[in-house]
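In: Quick one, what's the 3D model for this:
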Amino acid sequence: MKIGFDAKRLFHNNTGLGNYSRTLVSNLLHYHPEIDVVLFAANASKSRFFEKFDKIENCQIVEPQLNIPGWRSLFLPELVNKHKINVFHGLSNALPFRQFSEAKSVVTIHDVIFKDYPKHYKWIDRKVYDVKTRAALQNSDSILAISEATREALLQHYSFDRHKLTVIPQSCSYAINLGAKQPSTLLFVSSITPRKNLLTILKAIRLLDNSNVQLRVAGAGGAYEALCKKYVTEHQLEAQVIFLGSLSQQALEQEYRNAHTMIYPSLMEGFGIPIIEALSNGCHVITSGISSMPEAGGSLAHYTTDPSDPKELSVVIKQVLDKGPLEEASIQKHLEQFSGERLTSQLVNHYKSLL
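Out: Residues are numbered from 1 along each chain as shown. This is a model prediction of the structure:
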């Protein structure tokens, strides 16, 4: 079986969609070496991830000869046909507008947050996302949602054949690490955008009136980050709130190991991978009891009913910071459902069912 992937995000996105793509393809190559993988991407050889995939025997990287805007819709179908792909998988919410002559098509939809929070997106971006999503839902042979929350959102906002829709959660490579925790230390891991709700955390910390609580912010943003920093300055929280900027994976893992609690009161997520990362490092997790967060956090996380309410959040923070360490057995049991081997086997069986 030969599987082709739209690998644009795999090679050129360092965060969410890129991480999903790299993890899925790496797991497929590792756990199912009998499958041939073809990665289609412009300028792949210029990516820092190129060498990792180029060295693998059953992985081929194909770059278009003519790299122009829209090449994936114009030329990708011909490349897929030329390389005799059995199943083509669009990893990031889109497929070529032109259909393939032989290959079955799969698209992963991560979220349609632009439909629920349109003010957080530029008008033109919303229109492009909507057109691509609508076309992918109609033209694909199969649709994968990364969470039940995304599945429900798709059914709410779009009309399509729901029998094509399957939920396969985002897998995650984890090694449980229960390092020593710093008391009263909160960690926020995310891009700093209004949807991620950092300002509400800052307001909650101010309400705590406890100078021992420290919040470490791992991530970066634009105008919203500036707004949050202004709030910190205006309310003399500089000693308690540390902005770390974007961190390397190694530095981020160290932050997880040190933090008592990871705090993530997002308004909506397709999945919420920081929740899994935090639990695997023995962090308590405070997050929103809405959208996909309960799927990622299960019974181990602590939830707020209204993520925009700083008073409720401050109460939960106080309660959670008083808790002792998580039990390794409980973490292990919860994370097994997101194991790469298990979900990759599920994905391969899904590919086979299409053929």
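
In: Ile143 looks like it's in a strand, true?
Out: Yes: assessed by DSSP: H, G, I helix; E, B strand; the rest coil, Ile143 belongs to a strand.

In: Kindly state the beta-bridge partners for it.
Out: Beta-bridge partners for Ile143, by DSSP bridges, are Val107, Leu165.

In: which ones are touching it?
Out: With contact set as C-beta atoms under 8 Å, 6 or more residues apart in numbering, Ile143 has these partners: Val106, Val107, Ile109, Ala136, Leu137, Leu154, Phe160, Lys164, Leu165, Thr166. In short, each C-beta sits where N, CA and C put it, glycine included.

In: Could I have the PyMOL command that selects the buried members from these?
Out: Paste this into PyMOL to select the buried members of the contacts of Ile143, with burial taken from 16 or more other C-beta atoms under 10 Å:
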select buried, resi 106+107+109+136+137+154+160+165
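
In: just the contacts of Ile143 now: which is nearest Thr193?
Out: Distance ranking of the contacts of Ile143 against Thr193, using C-beta to C-beta, places Ile109 first at 20.1 Å.

In: Was I right to think the closest one contacts Arg134?
Out: No: taking contacts as C-beta atoms under 8 Å, Ile109 lies outside contact range of Arg134: 11.1 Å.

In: Next, show the common contact partners of these two.
Out: Counting by C-beta under 8 Å, 6+ apart, nothing touches both Ile109 and Arg134.

In: how about Leu326, secondary structure?
Out: Under three-state DSSP, Leu326 comes out as coil.

In: Which residue is the nearest non-sequential neighbour of it?
Out: Gly282 (5.4 Å; C-beta to C-beta, 6 or more residues apart in numbering).

In: and what of Pro118?
Out: In space, Pro118 is closest to Arg126, 5.8 Å off (C-beta to C-beta, 6+ apart).

In: Domains in this structure, by residue range?
Out: 2-171+339-354, 182-336 (automatic domain parsing).

In: Ends of the longest one, what's the gap?
Out: Looking back up the chat, that one is domain 2-171+339-354. 13 Å (C-alpha to C-alpha, to the nearest Å).

In: so the residue nearest to Pro118 touches Tyr117, yeah?
Out: No: the pair Arg126 / Tyr117 is not scored as a contact, 10.0 Å apart, by C-beta under 8 Å.

In: Neighbour count: those two, which is higher?
Out: Neighbour count, other C-beta atoms under 10 Å: between Arg126 and Tyr117, Arg126 has more, with 16 against 13.

In: what's Val167 sitting at in phi/psi?
Out: With angles defined as degrees, to the nearest 10, Val167 sits at phi -100, psi 120.

In: Within the sheet, what are the partner strands of the strand ranked longest in the chain, with directions?
Out: Taking DSSP state E as the criterion, the chain has its longest strand at strand 182-189. Next to strand 182-189 in the sheet, as set by DSSP bridges, lie strand 214-218 (parallel), strand 259-264 (parallel).

In: Buried residues, the helix or strand following the first one. List them.
Out: Think strand 214-218. For strand 214-218, the following helix or strand on the C-terminal side (DSSP states H and E) is helix 223-234. Neighbour-count burial for helix 223-234, counted by 16+ other C-beta under 10 Å, picks out Tyr224, Glu225, Cys228, Lys229, Tyr231, Val232.

In: follow-up on the earlier one: secondary structure element for the residue nearest to Pro118?
Out: helix 123-139.

In: Show me what the mean pLDDT comes to for that helix.
Out: Mean pLDDT, helix 123-139: 96.

In: helices or strands next to that helix in the packing?
Out: Under the contact criterion of 3 or more C-beta pairs under 8 Å, 6 or more residues apart in numbering; DSSP states H and E, helix 123-139 touches strand 104-109, helix 113-116.

In: Buried deepest among the strands paired with strand 182-189, which one?
Out: Mean neighbours per residue, mean count of other C-beta atoms under 10 Å, is largest over these for strand 259-264, with a mean of 26.

In: State the distance from Gly90 to Glu328.
Out: Separation of Gly90 from Glu328 (C-beta to C-beta, to the nearest Å): 38 Å.

In: thinking again about what came up before, quick one, what contacts the residue nearest to Leu326?
Out: Counting by C-beta under 8 Å, 6+ apart, the residues that Gly282 touches are Ile176, Asn177, Leu178, Gly179, Lys181, Arg257, Pro325, Leu326, Glu328, Ile331.

In: and with 7 Å instead?
Out: Asn177, Leu178, Gly179, Pro325, Leu326, Ile331 (C-beta atoms under 7 Å, 6 or more residues apart in numbering).
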